[in-house]
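> What follows is a predicted protein model with its sequence.
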Amino acid sequence: MSHHLVELTDLNYTYPDATQALDSVSFRITHGESVALVGANGAGKSTLLMHLNGALLAQHGAVRIGDIPATRATLPEIRRSVGMVFQDPDDQLFMPTVFEDVAFGPLNLGLPPEEVERRVNDALARVGAEGLRKRPSHHLSGGEKRNVAIATVLAMQPDVLVMDEPSSSLDPLARRRLIYLLNSFDHTKIIATHDLDLVLDVCRRTIVMHQGRIMADGPTGEIFQDEGLLRRSHLEKPLRLQACPVCGR
Amino acid sequence: MADIATTLFDLGRLDRLACADTPVHRLDPRAKLLTTLVFLLCVVSFDRYSVAGLLPFSLYPVAIIAVAGLPAGFLFKKMLMVAPLALLVGIANPWFDQVPLLDLGGITISGGWVSYASILLRFLLTVTATLTLIATTGFHGVCVALRRIGVPAAMTVQLLLAYRYLFVLVSEGARMVRARSLRSFRRQGEGFAPYASLVGHLLLRTIDRAQRIHRAMLARGFSGELHSPVLLRFRPTDTIFLLGWSMLFLLFRLVNLPQWLGRLVVAG
């Protein structure tokens, strides 16, 4: 039995104002894969992510995490196995101190105090934030907030990590550290982002979305060479793959 | 708005004070909370013309400030922030109540002035006591204590989250006001209509954020109760603190010490 699998079949979602956000989306992500979800603003990435941990339930089609279909009855199990890192860490860090924020999930799982303590320490050590334990969450820097937000999810020991714009509003060093951190995880990862250079470093596979549909799904290297596809999807080649602005090569 | 923002960041200082380590800080939050409640009840239960009877109560905040090493000047400034409220509440008393009550060496003082003084003194005592409670326990500690003494989770969760997101709300509001002022010239754009729209937007953003936070909480298994990993232990020192002070407060409440002392002096 593997929980590390994510499978979407013919997923459709229409918002109450009749905007169709997802249009027959299907894919299968297997154990340990690291997949980027890229596309223009409003392409449906966030709506798709919300289906992965049951914040939205499928109107048509199905979402499966491992062996479990995402339905109202399986929500607790789905939410334990899919860890979601939100775009704005301020949405995710709602407890008074870092320690309590990271302990929030494990305490809700009903774990005994020693186990909670152990998990919090492990998760904070993993993201290099041991020193922040007692600090109030709202007085941290952007990079620290991001790391703690990731720790809050790691403490739940999820099988799948889902991240929405993890590198947004980070300074270059904090972004580089995040890339190292992401590469050190062996979870199945799904990362929605506009940072295509980060995708080159972290994800082998890329799914391109446009207007609620999947435009392409394949190895990152191939997708980023297809300039026509990128242009049609309102994207552009990662800077590293473009010609040097000084020598033109 | 920028002023509100700076005042709020002072609130952060109140939180940091709570991180210190003194005998008062080490007490169980419940002991401090209950002692403060007894203090407040005793102070507000005096009749409207009491002034002298209230004076001994100042011993409590003074003692706590001294033992916990709190910056008295800072607390005093915080108190001044809410002072206008108290000043306004009783301002009409001297006009309405002109019955002579006291005669101090030929100067007659009306009941209105005495009750006004009583209101101000009560304000001073209750606000200082509450501020010292938060400065030695932290807002979070107070909420945990409230929950443990039986206040419903719905209320303590609201309080905690309101406090947490006060900072986010104010910085968001301050950014919007700054953006507006950068594009308004000679008072154009600072009128009522843009203000209403600004407040409306702030409300919409707040609702959006609330939904995202709720989603984040659900994603980590939230089911209505905030479990706190802080273990509270009510030790003998906590019992002594609570009972000792409570008994002293009752004594102050039942026996008018200044009057009694005065009589002693006169008799002697």
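Cool, got the structure.
> separation between B:Phe252 and chain A?
34 Å (C-beta to the nearest C-beta, to the nearest Å). Bear in mind the C-beta positions are built from the backbone N, C-alpha and C, glycine included.
> surely that residue meets B:Phe57?
Yes - if you go by C-beta atoms under 8 Å, B:Phe252 and B:Phe57 touch, sitting 5.7 Å apart.
> so what sits against both of the two?
Listed as contacting both B:Phe252 and B:Phe57 by C-beta atoms under 8 Å, 6 or more residues apart in numbering or on different chains are B:Cys42.
> what ranges of the chain fall below the confidence cut-off?
I'll assume chain A. Residues of chain A meeting the criterion pLDDT under 70: A:1-3.
> My question was about chain B, not that one.
Using pLDDT under 70, the flagged stretches of chain B are B:1-10, B:229-230, B:268.
> Walk me through the domains of it.
B:1-150+B:230-258, B:152-227 (automatic domain parsing).
> Can you pull the residues of the stretch 1-150 of chain B lying near chain A?
B:Gly12, B:Asp15, B:Cys19, B:Gly138, B:Phe139, B:His140 (C-beta under 8 Å from any C-beta of the partner chain).
> Quick one: buried ones out of the residues you listed?
B:Asp15, B:Gly138, B:Phe139, B:His140 (16 or more other C-beta atoms under 10 Å in any protein chain shown).
> so what's the third one closest to, chain neighbours aside?
So the one you mean is B:Phe139. If the residues on either side of it in the chain are set aside, B:Phe139 comes closest to B:Tyr163, at 5.1 Å by C-beta to C-beta, 6 or more residues apart in numbering or on different chains.
> so of the residues of the stretch 1-150 of chain B next to chain A, which ones are in helices?
Members of the residues of the stretch 1-150 of chain B next to chain A lying in helices (criterion: DSSP state H): B:Gly12, B:Asp15, B:Gly138, B:Phe139, B:His140.
> got a markdown table for those, with distance to A:Leu200 too?
Formatted as a markdown table, these follow (distance: C-beta to C-beta, whole Å):
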| residue | distance to A:Leu200 |
| --- | --- |
| B:Gly12 | 40 |
| B:Asp15 | 42 |
| B:Gly138 | 45 |
| B:Phe139 | 45 |
| B:His140 | 42 |
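> now, among those residues, which is nearest to B:Leu40?
B:Phe139 (17.2 Å; C-beta to C-beta).
> who touches that closest one in this structure?
By C-beta under 8 Å, 6+ apart, the neighbours of B:Phe139 are A:Pro96, B:Leu14, B:Asp15, B:Ala18, B:Leu160, B:Tyr163.
> Correct me if wrong: A:Leu5 contacts A:Arg64.
Yes - A:Leu5 is in contact with A:Arg64 according to C-beta under 8 Å; the separation is 7.2 Å.
> Of those two, which one has the most company?
When neighbours are counted by other C-beta atoms under 10 Å in any protein chain shown, A:Leu5 and A:Arg64 differ, and A:Leu5 comes out ahead with 19 against 16.
> Could you pull up the contacting residues of the more buried one?
Counting by C-beta under 8 Å, 6+ apart, the residues that A:Leu5 touches are A:Arg28, A:Ile29, A:Thr30, A:His31, A:Arg64, A:Ile65, A:Gly66, A:Asp67, A:Thr188.
> likewise A:Met215?
Counting by C-beta under 8 Å, 6+ apart, A:Met215 has contacts A:Gly39, A:Val208, A:Met209, A:Leu229, A:Arg232, A:Ser233.
> host element of it?
strand A:213-219 (DSSP states H and E).
> mind saving the C-alpha coords of that strand as CSV?
What follows is strand A:213-219, C-alpha atoms only, in CSV (Å, rounded to 0.1, in the frame of the first residue of the first chain):
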residue,chain,number,x,y,z
ARG,A,213,-6.5,22.6,-19.1
ILE,A,214,-3.3,20.7,-19.1
MET,A,215,-1.3,21.9,-22.1
ALA,A,216,1.7,19.6,-21.7
ASP,A,217,3.0,17.1,-19.2
GLY,A,218,6.6,15.8,-19.6
PRO,A,219,10.2,16.0,-18.6
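> does the residue nearest to B:Phe139 sit in a helix or strand, and which one?
helix B:153-182.
> In that helix, which residues are buried?
Those would be B:156-157, B:159-161, B:163-165, B:167-168, B:170, B:172-174, B:176-177, B:180, for helix B:153-182 by 16+ other C-beta under 10 Å.
> Please apply the same query to stretch B:106-117.
For stretch B:106-117, by 16+ other C-beta under 10 Å, it's B:Ser110, B:Gly111, B:Gly112, B:Trp113, B:Val114, B:Ser115, B:Tyr116, B:Ala117.
> same question, stretch A:242-249
Taking 16+ other C-beta under 10 Å as the criterion, stretch A:242-249 shows none as buried.
> ends of it, how far apart?
9 Å (C-alpha to C-alpha, to the nearest Å).
> for the residue positioned nearest the centre of chain A, which residues make a bridge with it?
Using C-alpha atoms, centre = their mean, the residue of chain A that lies closest to the mean C-alpha position is A:Met163, 1.5 Å off. With DSSP bridges applied, the residues forming beta bridges to A:Met163 are A:Val85, A:Ile191.
> do you know how far A:Gln59 is from chain B?
18 Å.
> Neighbours of that residue, how many?
11.
> Same check on B:Phe185?
Neighbours of B:Phe185 (other C-beta under 10 Å): 9.
> so the residue nearest to the centre of chain A sits right up against A:Ile190, yeah?
Yes - contact criterion C-beta under 8 Å: A:Met163 and A:Ile190 qualify, at 7.3 Å.
> all helices of the chain, in order?
Looking at chain A here, since you left the chain open. A:45-52, A:75-81, A:89-92, A:98-108, A:113-126, A:142-154, A:172-184, A:196-202, A:220-225, A:227-232.
> um, chain B though
Going by DSSP H, chain B shows helices at B:2-17, B:23-26, B:29-44, B:59-68, B:72-89, B:93-96, B:111-148, B:153-182, B:192-219, B:236-254, B:257-267.
> related to what we said a few turns ago, and of the residues of the stretch 1-150 of chain B next to chain A, the nearest to chain A?
B:His140 (3.9 Å; C-beta to the nearest C-beta).
> For that closest one, give me its contacts.
A:Pro96, A:Thr97, B:Leu160, B:Tyr163.
> distance of it from B:Thr239?
Using C-beta to C-beta, to the nearest Å, we find B:His140 at a distance of 23 Å from B:Thr239.
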